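Colleague: I would like to see how this sequence folds:
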Amino acid sequence: MLTTPRHQQYCPLSLASLTITLVAFVHFLFVSNAMMGMWGHGAYEFYNFLFLIAMFWTMHSKDSVEAIQTALIIDVSSIFFDMVTIIIMFHLMNGWAVAFAIINLLIRPVSVILLYREFNTRGGTLQTGSVFPTTTQRSYQDIDRPTQPVPTNSPPGPNVASIF
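Modeller: This is a model prediction of the structure:
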């Protein structure tokens, strides 16, 4: 009988889930330190909170493409949001919060790459055909006219009028 060593029988974290957990933890660390300043109107907290929730969803649903896609979209858009927030609120911030917000912004492209790799591993693909126009001509289907002729000599079906 072939047996596996005890440490190989149960492995709660695979390499992919370890990567997701690491990305979530690093962003949590930097976002929580960046929130020690006076951010305007809660925008920074809001989109980073959504990102962390999406990361927890991604960790929970290990096979879900939608979960990783949501986290990836929020992470990509957060790059722009971080730049705008840091530029606008820089004068209100203390040095500690600004430093961690800038470091968080600088590590976002790395987390985008890691999340995109996991997105591809889970079977996700980018569907650009629905967003950008293509040069291929699509045929028009008239839904008012049936495409198959209705047989005229078919045996009669059940009397639907007698049901009512």
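
Colleague: Quick check: which ranges of this structure have low pLDDT?
Modeller: 1-13, 15-16, 40, 127-164 (pLDDT under 70).

Colleague: Next up, the contacts around V98.
Modeller: 34, 37, 86, 90 (CB atoms under 8 Å, 6 or more residues apart in numbering). Heads up, the C-betas are built off the backbone N, CA and C, glycines and all.

Colleague: got the buried residues for the helix or strand harbouring the third one?
Modeller: Counting by DSSP states H and E, the element that carries I86 is helix 65-89. Residues of helix 65-89 classed as buried under the neighbour-count rule (16 or more other CB atoms under 10 Å) are 65, 67-72, 74-75, 78, 81-82, 85-86, 89.

Colleague: Looking at these, which is nearest E118?
Modeller: Closest approach between the buried residues of helix 65-89 and E118, by CB to CB: I68, at 5.5 Å.

Colleague: thought that closest one was touching F119?
Modeller: Yes: because the distance of 4.8 Å satisfies CB atoms under 8 Å, I68 is recorded as touching F119.

Colleague: any idea how far F80 lies from I86?
Modeller: Separation of F80 from I86 (CB to CB, to the nearest Å) stands at 11 Å.

Colleague: If you could redo that for V65, that was the one I meant.
Modeller: Going from V65 to I86 by CB to CB gives 32 Å.

Colleague: Setting aside sequence neighbours, what's the nearest residue to M59?
Modeller: Distances taken as CB to CB, 6 or more residues apart in numbering put I20 closest to M59, at 5.4 Å, once the chain neighbours are dropped.
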